[in-house]
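Participant: Build me a model from this:
(chains A, B, C and D)
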Number of protein chains: 4
Amino acid sequence: MTEPVNRDRAETGRVEAFSDGVFAIAITLLVLELHGPVLKVTDRDAHVGLWSGLLDEWPQFAAYLTSFAIIGIMWVNHHSMFSAIVRIDRPLLFLNLLLLLWTSLLPFPTSLVAEYLKDGDTNAAAAEAIYAANLTLAAIAFSLIWMRAVRGGRLTAVRLEPRAEWAAVGRFSVGTFVYAATIGIAFVSAIAALVVQFLLASYYAFEQVTS
Amino acid sequence: MTEPVNRDRAETGRVEAFSDGVFAIAITLLVLELHGPVLKVTDRDAHVGLWSGLLDEWPQFAAYLTSFAIIGIMWVNHHSMFSAIVRIDRPLLFLNLLLLLWTSLLPFPTSLVAEYLKDGDTNAAAAEAIYAANLTLAAIAFSLIWMRAVRGGRLTAVRLEPRAEWAAVGRFSVGTFVYAATIGIAFVSAIAALVVQFLLASYYAFEQVTS
Amino acid sequence: MTEPVNRDRAETGRVEAFSDGVFAIAITLLVLELHGPVLKVTDRDAHVGLWSGLLDEWPQFAAYLTSFAIIGIMWVNHHSMFSAIVRIDRPLLFLNLLLLLWTSLLPFPTSLVAEYLKDGDTNAAAAEAIYAANLTLAAIAFSLIWMRAVRGGRLTAVRLEPRAEWAAVGRFSVGTFVYAATIGIAFVSAIAALVVQFLLASYYAFEQVTS
Amino acid sequence: MTEPVNRDRAETGRVEAFSDGVFAIAITLLVLELHGPVLKVTDRDAHVGLWSGLLDEWPQFAAYLTSFAIIGIMWVNHHSMFSAIVRIDRPLLFLNLLLLLWTSLLPFPTSLVAEYLKDGDTNAAAAEAIYAANLTLAAIAFSLIWMRAVRGGRLTAVRLEPRAEWAAVGRFSVGTFVYAATIGIAFVSAIAALVVQFLLASYYAFEQVTS
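Facilitator: Numbers count the residues shown, from 1 in each chain, chains lettered A, B, ... in the order given. Reported below is the predicted structural model:
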């Protein structure tokens, strides 16, 4: 009876290691989407070139910081979740791959936000809405993993109280709902949507710190 | 007598860790091949620019999704295979490097498919055929690893029944055969070849989930 | 009482693994910022093209080497620090993410230095000052991690002597101060600032070797 | 007395994990230096475009394959070496960072070879000579690590016979000598130098397989 448990534990370990790898790579690849300003020859001669060029490209730094915070929080959450999970089954493996899909895709909409946010037109809204949709899909994947794992103590060491189980589902749902709401907000103001996303990530980070 | 076994186990661990690293990096690097549309100035002013620009570039998303699914399935397969393998010898190490070669090369033909698929001419066929050849070579490397490891229980903990051994070889061969067939299909219809490849990866993912 | 310690130890392990991943990726991504010279057609015909083109781009190699040395030293330091830390709490997790933010951002200012250092004007100063600010923020994050961990033996196995505690804080402060000073030096001479940064990293590497 | 040994073992583990990370990333990043051919509009219409365009760029595939084989062999060698090393000291840590520097730099000269090999003039020679110099420096770093670790059984579990010690040093020296020789060969024929480098890597791979 102990053998399969050991084997499962080892499996948890390798899933965590692979996921950590993808999180670490995605969070570090974000920097490749940052670009120095293209200074015109006359700008290079002028004495304000690089500073003002970089300030002018603030959206790419805002998008970088937001995505970094979100992937960082996702890693912390993934970590907490898998410290409760002691068994892996194939649906969980598949749902985890789904989460990794949305995580490793994130640098792409981040680059769209970086490029179009300042335009302030339909393109800015589209870029932000796509970014928000990506975040929403990642949050849904998190909820699905959690529901697969905890329902009836299926893959966890201890069966959670239904209350605690639902509290966790509720917490995930709030995140999912807020990210989904930013899809709509993007069409009113793309910048407002990014601010809400950043504040939500900061709130989660702060909650992690204080709770 | 126990010492060499321990050493071999440690070796299995490090081969798995290195392979996991390459799988995790290759699957995450795929996103760097995604590019936002190049909008002409007039497009940027128009209110449909980014949406239609992205829709227009659907082949890169189809290729991204297919490659992500394939590398994900390959990681799951590699994982299953090495949970049965308890010893490493040098031919196995070499065959594993061969598999990692085809895995880490995959983002390149993926980018060719992304760029040429829509052209629908000989270039689309060439791009898809190269992609299919890469997948076929990876599937062959998988079969070689398996044959090296299980023949006569050479590197596995328990000697498999010849029946089970051949069943596994058979399963790999089906994949190899289908991927090889898409090399030919590419010259009839590059899009059809990509669809078959995506369906095969989905089938494997589904089989993983239900079996 | 032992359980939480075990759990914490496992947590230390996963934080270290994730951090090692980010350090390893950031240090290896630096190479993507290196570019071959753009040779004009006439240069390609000439027999000195590539050599002189590369020599002409010495700032990118100086910046690469400095950043490689700094991230390498940071990894060694992080390693030493976490060999003393046996428990993780959430503020520490958050401060560690802050350190990883500045680490994984470093390739961007490195590329700015590579591009602007030779210009020797305000742009070179700006690029170097931004690079120096990044290094300073990373050094501050290191001090914060250390202070969080050792104050009153909060997260360490053994409570350090106040003397040893302050010696370590002092050592970090020197680094922070020197990096901060290079922000100012950059406006006098960007090249001098880079030289100071490289020497400081070399000093730390040498100290690691001999102490 | 056991405590420091345990700590050292853990340190070996983390050095190996960090090194494996850098090897895995460097070997996977190589694919980012592969580029599809730039087809002229008329080529795209023609029915031979992509095939002939890719064949025309054979040097990038030759360089990719050679670098992949070399980093793969380096990983196998590093692995063998550290299975004999049970203690880490700071000079070893520093020498290992030096090896990782040359490893993670390799994609850059690989891209130079890919771009200039076919030119067949001084630029091709320069690109190949730089590539050869990088390989030579990596081989020297390997020798230095080995000499630091085994001299007098300093960092190994068992003291090697002087004979075995020198045999290993000899084996490394042959590699170093051949790579150094290809610096000179590059100025006679850049393609011949690349062929020698590829054959040497293949020989090492074959030796690994059969011995």
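
Participant: Could I get the contacting residues of A:L137?
Facilitator: A:W102 (C-beta atoms under 8 Å, 6 or more residues apart in numbering or on different chains). Yep, even glycine has a C-beta here, placed from its N, CA and C like the rest.

Participant: which residues touch A:L39?
Facilitator: Counting by C-beta under 8 Å, 6+ apart, A:L39 makes contact with A:49-50, A:53, C:123.

Participant: Three-state assignment for it, please.
Facilitator: Here A:L39 takes the coil state, with states given by DSSP: H, G, I helix; E, B strand; the rest coil.

Participant: Could you tell me how far it is located from B:G21?
Facilitator: Distance from A:L39 to B:G21, counting by C-beta to C-beta, to the nearest Å: 38 Å.

Participant: Quick one: the helices in chain A, in order.
Facilitator: For chain A, applying DSSP state H gives helices covering A:2-29, A:41-45, A:49-56, A:58-84, A:90-105, A:107-116, A:122-150, A:162-188, A:190-210.

Participant: other SSEs contacting the third one?
Facilitator: By that I understand helix A:49-56. For helix A:49-56, the packing partners by 3 or more C-beta pairs under 8 Å, 6 or more residues apart in numbering or on different chains; DSSP states H and E come out as helix C:122-150.

Participant: What average pLDDT does the helix it packs on get?
Facilitator: Throughout helix C:122-150, pLDDT has a mean value of 92.

Participant: What is the distance between it and the centre of its chain?
Facilitator: 8 Å (C-alpha atoms, centre = their mean, to the nearest Å).

Participant: what angle do that helix and helix C:162-188 make?
Facilitator: 170 degrees (axes from the mean of the first three to the mean of the last three C-alpha atoms, to 10 degrees).

Participant: buried ones in helix C:122-150?
Facilitator: C:122-146, C:148-150 (16 or more other C-beta atoms under 10 Å in any protein chain shown).

Participant: hmm, back to that, in the contacts of A:L39, find the pair that's most separated.
Facilitator: A:G53 and C:N123 (8.8 Å; C-beta to C-beta).

Participant: Setting the sequence-adjacent residues aside, check what's closest to the residue of chain A found nearest chain B.
Facilitator: Nearest residue of chain A to chain B, counting by C-beta to the nearest C-beta: A:G21, 3.3 Å away. In this structure, A:G21 finds its nearest non-sequential neighbour in B:A24, 3.3 Å apart by C-beta to C-beta, 6 or more residues apart in numbering or on different chains.

Participant: Provide the count of other residues in contact range of A:S173.
Facilitator: 14 (other C-beta atoms under 10 Å in any protein chain shown).

Participant: who's in contact with A:V169?
Facilitator: A:V169 neighbours (C-beta under 8 Å, 6+ apart): A:143, A:146-147.

Participant: Chain D: which of those residues is nearest?
Facilitator: Nearest to chain D among those, with distances taken as C-beta to the nearest C-beta, is A:W146, at 29.2 Å.

Participant: thinking A:L99 is in contact with A:W146, fair?
Facilitator: No. At 10.6 Å, A:L99 does not count as touching A:W146 under the criterion of C-beta atoms under 8 Å.

Participant: Stretch A:93-102 vs chain C: in contact?
Facilitator: No. Figure legend: stretch A:93-102 not in contact with chain C (C-beta under 8 Å from any C-beta of the partner chain); closest approach 14.2 Å.

Participant: contacting residues around that stretch?
Facilitator: Stretch A:93-102 is contacted by residues A:15, A:19, A:22, A:78, A:134, A:137-138, A:141-142, A:144-145, A:148, B:27, B:68, B:72, B:76, B:205, B:208-209 when judged by C-beta under 8 Å, 6+ apart.

Participant: Okay, buried residues for stretch A:195-208 please.
Facilitator: Applying 16+ other C-beta under 10 Å to stretch A:195-208 flags A:196-198, A:200-201, A:204-205, A:208 as buried.

Participant: from the middle of its chain, how far away would it be?
Facilitator: Stretch A:195-208 sits 11 Å away from the centroid of its parent chain (C-alpha atoms, centre = their mean).

Participant: do the same with stretch A:95-103
Facilitator: Using C-alpha atoms, centre = their mean, the offset of stretch A:95-103 from its chain centre is 11 Å.

Participant: Please apply the same query to stretch A:141-160.
Facilitator: On C-alpha atoms, centre = their mean, the centre of stretch A:141-160 falls 20 Å from that of its chain.

Participant: Now do stretch A:39-58, average pLDDT.
Facilitator: Rounded mean pLDDT across stretch A:39-58 is 73.

Participant: swap in stretch A:62-77?
Facilitator: If you average the pLDDT over stretch A:62-77, you get 92.

Participant: And the residue of chain A that's closest to chain D?
Facilitator: A:I25 (8.1 Å).

Participant: how about a markdown table for the contacts of A:V169, with distance to chain B added?
Facilitator: Putting those into a markdown table (distance: C-beta to the nearest C-beta, whole Å) gives the following:
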| residue | distance to chain B |
| --- | --- |
| A:S143 | 18 |
| A:W146 | 18 |
| A:M147 | 15 |
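
Participant: Return the member of those residues nearest to chain C.
Facilitator: Nearest to chain C among the contacts of A:V169, counting by C-beta to the nearest C-beta, is A:W146 at 18.7 Å.

Participant: got the contact list for the closest one?
Facilitator: A:W146 neighbours (C-beta under 8 Å, 6+ apart): A:81, A:168-169, A:172.

Participant: Mind checking which of these are buried?
Facilitator: Buried members of these, counted by 16+ other C-beta under 10 Å: A:81, A:168, A:172.

Participant: ok, back up a step: got a pLDDT number for the closest residue to the residue of chain A closest to chain D other than its chain neighbours?
Facilitator: Leaving aside its sequence neighbours, A:I25 sits nearest to B:T28 (C-beta to C-beta, 6+ apart; 4.1 Å). pLDDT recorded at B:T28 is 95.

Participant: A:I71 versus B:T28, what's the distance?
Facilitator: Between B:T28 and A:I71 the distance is 11 Å, computed by C-beta to C-beta.

Participant: try A:E33
Facilitator: Taking C-beta to C-beta, one finds A:E33 at 13 Å from A:I71.

Participant: Next: A:E57.
Facilitator: 21 Å.

Participant: where does chain A come near chain B, residue by residue?
Facilitator: So far as C-beta under 8 Å from any C-beta goes, chain A lies against chain B at A:7, A:10-11, A:14, A:17-18, A:21-22, A:25-26, A:29, A:32, A:90-91, A:93-94, A:97, A:100-101, A:104-108, A:111-112, A:115-116, A:119, A:121-123, A:126-127, A:130.

Participant: can you rerun that using 6 Å?
Facilitator: Within chain A, the residues that sit near chain B (C-beta under 6 Å from any C-beta of the partner chain) are A:18, A:21-22, A:25-26, A:90-91, A:94, A:97, A:101, A:104-105, A:107-108, A:112, A:122-123, A:126.

Participant: still on that earlier bit, contacting residues around the residue nearest to A:G21?
Facilitator: A:18, A:21-22 (C-beta atoms under 6 Å, 6 or more residues apart in numbering or on different chains).

Participant: can you do 10 Å?
Facilitator: Shown in contact with B:A24 (C-beta atoms under 10 Å, 6 or more residues apart in numbering or on different chains): A:17-26, A:100, A:104, B:71, B:75, C:21, D:24-25, D:28.

Participant: List only buried entries from these.
Facilitator: A:17-26, A:100, A:104, B:71, B:75, C:21, D:24-25, D:28.
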